[in-house]
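[1] next comes the sequence, and after it the predicted model I'd like to discuss.
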Amino acid sequence: MEFMNGLGLAFALLGAAISALLAGIGSAVGVGMAGEAAAGVVTEDPQKFGKVLILQLLPGTQGIYGLLIAFITLSQIGVLGGGTAAISLAEGILYFVACLPMGFVGLWSAIRQARAAVSGIALVAKRPDQMGKAIIFAAMVETYAILALLISILSIVGIPALGL
Amino acid sequence: MAVMPMSKINIFGLRKDRKKILEAIQRMGVVDVRTFEKDETGFDGIDTMLSRSKFQKAKTDCEQALDIVGRYRPESKSLFASFDGKDLLSHEDYNRMVEKRDMIFNAAAKILRLEKSISENKAKIIKLTGNIEALTQWKELPIPLNYHGTSKTSAFIGTFPENCTEEFLLKQFAEICDKKEIQGVADIVHVELVGSNETQTCAVVICPKTVSAETEEVLRYMGFAAPVLSGDGIPAEKIKAFENEIEDAKKSIKDAENQICDSASERDNLKFLVDYYKMRIDKYQVLEQLGHGKNTFAMTGYIPTRDAEKIEKELSEKWGAAVECSPADGDDVPVMLKNNGFAAPLEGVLETFSLPGKGELDPTAAMAVFYYFLFGLMLSDAAYGILMVLICGIALWKFPRMNEGMKKSLKMYLYCGISTTFWGVMFGGYFGDAIQVIAKTFFDKDIVIEPLWFSPMNEPMRMLIFSLLVGIIHLFAGLGMKLYSLVRTGNWKDAIYDVIFWYMLVGGAIVYLLSMQMFVDMASLSFILPPSAGAAAAVVAGIGALGIALTAGRSSKNPFKRLAKGLYELYGVTSYLSDILSYSRLLALGLATGVIANVFNKMGSMFGGGIVGAIAFTIVFIVGHTLNIGINLLGAYVHTNRLQFVEFFGKFYDGGGEKYSPFKADTGYYEIKKD
């Protein structure tokens, strides 16, 4: 039984790790892509630095959401904060599953959002007055990361109440 | 809260006053000049391309001179220089400066000349240094490098490949003579080494004139080559001469640099000249848009109606120009917004979307209320809010002359900060849970500041429902704006078909959901509406749906097509579902701020209590919360914009208006006082 409990904790931690990992990778790739494009624009016109920087940072939020989920999971299962709540195997797997939406959607949406941001940067390079629209195009993609974040948060917060 | 009424203005004046009138108009800065229709009126156009490019060149020269001066004598600027705004210049000072313009321009030309001489001298130094390097190996040679021998002897000066000795060279010479069957040469040739390095040996070869041809052939075979640098003069002396030349060049560089530094006093004048040429370029651009007659000229454009009278009076009194104004109602009338201090900061945000098109309402005021509300809800930390208010407030107070765009942004963040503080108090966030963590770690006490309303982190479901409710209100307000603009223009039918039916459908559906046990359980609501209310709501929603299906396609005459279009529009109800769900980002971003703040607080507290712990905590606290504010400000800004642009504007606003951009003194450094 003790082994099973240990396994539960391992699953929960795996979930937290996957959420931080995948979403973090997605954001790192995304911010990197957008950064390359932004640097290209700044070589032509250093004045646009502020504008393209905002666009570059847009795909960065998924990594933060991933961190958020990982952190909530860690504090729920007692890895952070020193509480030693016993995690049953079933609970551990639930935590693992609850983390998946943020991890996977975070990964893909960050990269896709980065592509929208790169195009947005090209748009701002030619027509700086269209900045607002360029942001919106990229922000549309983020909606899905936010929906995934929502489901992950609600699931994780709801698990203890199940009493498994 | 409105779009300013605009007038079309036509100005006719005498040609001799053209310059003065144009300058007056530029100074007043209220006329958005348009191209005058020349074809039918008998007025001609003129081409100012040449003059403009001349001014452009002068402006570029001044800018370069400024840049050069800045490089040698950097301007001492404070960190907040960008807040300072432009320097004021009185009209008399302006005129005085204009008179000095040739002098200033000469100063600019001189700076450019000096800079050119500096770069030329630098190139010269590089070349001379190369020469000295090439001559160094020949330093010991007491004769010129182009020495060819006496009347009886021939001398060859040059280098052999590789580093070798005299004996080796003589031996090699003899071997080659044997191979080529040249006799009587090897014994009488004299080789003397001058210097050497790893890759070559410098030598002088002397032989009687009678065998000079043979010797040369053998030498060539051995890879003997003339020195890179030839010419008159003994190498050691030449090196000395080159060194002197370098010294001279260095001195003149220093001289030129000092002179440029001395011209730093011209900096303000140069800035003025840049502005001056910019204004002249603009003026000539406008000149091209005018109609020119033999003794008269004509100008057309748009002007805010409130300024029309003033400009009419000024121009007709001073120069007897004929000014004619009439209310403008074309498609290309430029848009100027006028809002009160609360809403005006958001005009810039509206501009990034699109200005109101013809006949559209200015949505800024309605947007402002929601904008500040949503922004605060997403950031929702009282301490962050107070920081925003303080920073923006102090900047606005200390730098009253900062440029208009910056002022607007700071005011916007000031109001957003107030809202952030409000929601922070409601939800109990003060640097996250910093107070609790500090009390626990350093004073071993349990202090918890209870949220005034509830803590979203403990009750995420409640926060989600609240977020969706905010969304419904926001969307309905958007529909309300459409209702208002339709009613205002008297389109009662459209108002009922396109707005009231939707209100019935969406509102009814929501009330119906609230009477369902399953939904109430899911959302963990504490109340449920009675079934009778649900039934009534269902009927209302049904009427709405029927109404939409029957009327939304009313632009088509064909009844089948009409119904099909109506049903398609009805299918659009799914977009309301996704629109409302989109507001769940209020929860997500609010939680993100709080949770990340808590992570940093926890990280800081991991070093324990005591002095070391306190120092570590302070560092983690400052770095962490700065980062968190940055990330979440960006997030709140982007997503508030999104909710406004996509969800809110999607219900009623198209935009497409053109910005009002008057012909004015559009300067970069100075602002010329309007008398």
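    Looks like it came in fine.

[2] apart from its chain neighbours, what residue comes closest to whichever residue of chain A sits closest to chain B?
    Of the residues in chain A, the one nearest chain B is A:Gly132, at a distance of 2.7 Å by C-beta to the nearest C-beta. Heads up, the C-betas are built off the backbone N, CA and C, glycines and all. Spatial nearest neighbour of A:Gly132, chain neighbours left out: B:Thr352 (2.7 Å); criterion: C-beta to C-beta, 6 or more residues apart in numbering or on different chains.

[3] contact partners for the spatially most central residue of chain A?
    With distances taken as C-alpha atoms, centre = their mean, the residue of chain A nearest its centroid is A:Gln62 (2.6 Å). Neighbour list for A:Gln62: A:23, A:26-27, A:30, A:106-107, A:109-110, A:113, A:142, A:145 [criterion: C-beta atoms under 8 Å, 6 or more residues apart in numbering or on different chains].

[4] part of a helix, is it?
    Yes - secondary structure of A:Gln62 (DSSP: H, G, I helix; E, B strand; the rest coil): part of a helix.

[5] from A:Lys126, how far out is it?
    To A:Lys126, A:Gln62 is 27 Å away according to C-beta to C-beta, to the nearest Å.

[6] now do A:Gly63
    29 Å.

[7] repeat that for A:Gly158.
    For A:Gly158 relative to A:Lys126 (C-beta to C-beta), the value is 48 Å.

[8] same for the helix ranked longest in chain A, what does it pack against?
    Looking across chain A with DSSP state H, the single longest helix is helix A:2-44. Helices and strands touching helix A:2-44, by 3 or more C-beta pairs under 8 Å, 6 or more residues apart in numbering or on different chains; DSSP states H and E, are helix A:49-57, helix A:61-76, helix A:89-126.

[9] need these in JSON lines with mean pLDDT and distance to B:Pro530, can you?
    Shown next, in JSON lines, are the helices and strands packed on helix A:2-44 (pLDDT from 0 to 100; distance: least, C-beta to C-beta, whole Å):
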{"stretch": "helix A:49-57", "mean pLDDT": "87", "distance to B:Pro530": "50"}
{"stretch": "helix A:61-76", "mean pLDDT": "88", "distance to B:Pro530": "38"}
{"stretch": "helix A:89-126", "mean pLDDT": "94", "distance to B:Pro530": "36"}
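
[10] any idea which of those is most buried?
    Among these, helix A:61-76 has the highest mean neighbour count (mean count of other C-beta atoms under 10 Å in any protein chain shown), at a mean of 26.

[11] report the angle between that helix and helix A:89-126.
    Compare the direction of helix A:61-76 with that of helix A:89-126 by axes from the mean of the first three to the mean of the last three C-alpha atoms, to 10 degrees and you get 160 degrees.

[12] could I get the CA-only coordinates of the helix or strand harbouring B:Cys62 as PDB?
    Secondary structure from DSSP states H and E places B:Cys62 in helix B:49-72. Extracted as PDB, the C-alpha positions of helix B:49-72 are listed here (Å, rounded to 0.1, in the frame of the first residue of the first chain):
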ATOM      1  CA  MET B  49      10.000  67.800 -55.600                       C
ATOM      2  CA  LEU B  50      13.300  69.600 -56.300                       C
ATOM      3  CA  SER B  51      13.000  72.100 -53.400                       C
ATOM      4  CA  ARG B  52      11.900  69.400 -51.100                       C
ATOM      5  CA  SER B  53      14.900  67.100 -51.900                       C
ATOM      6  CA  LYS B  54      17.100  70.100 -51.300                       C
ATOM      7  CA  PHE B  55      15.600  70.700 -47.900                       C
ATOM      8  CA  GLN B  56      15.800  67.000 -47.200                       C
ATOM      9  CA  LYS B  57      19.500  67.000 -48.000                       C
ATOM     10  CA  ALA B  58      20.000  70.000 -45.700                       C
ATOM     11  CA  LYS B  59      18.000  68.300 -42.900                       C
ATOM     12  CA  THR B  60      20.000  65.100 -43.300                       C
ATOM     13  CA  ASP B  61      23.200  67.100 -43.100                       C
ATOM     14  CA  CYS B  62      22.100  68.700 -39.800                       C
ATOM     15  CA  GLU B  63      21.000  65.400 -38.400                       C
ATOM     16  CA  GLN B  64      24.300  63.900 -39.200                       C
ATOM     17  CA  ALA B  65      26.200  66.800 -37.700                       C
ATOM     18  CA  LEU B  66      24.100  66.400 -34.500                       C
ATOM     19  CA  ASP B  67      24.900  62.700 -34.500                       C
ATOM     20  CA  ILE B  68      28.600  63.400 -34.900                       C
ATOM     21  CA  VAL B  69      28.600  66.000 -32.100                       C
ATOM     22  CA  GLY B  70      26.700  63.500 -29.900                       C
ATOM     23  CA  ARG B  71      29.300  60.900 -30.600                       C
ATOM     24  CA  TYR B  72      32.300  63.000 -29.500                       C
END
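
[13] what are the buried residues along it?
    Under the neighbour-count criterion of 16 or more other C-beta atoms under 10 Å in any protein chain shown, helix B:49-72 has B:51-52, B:55, B:58-59, B:61-63, B:65-66, B:68-69, B:72 buried.
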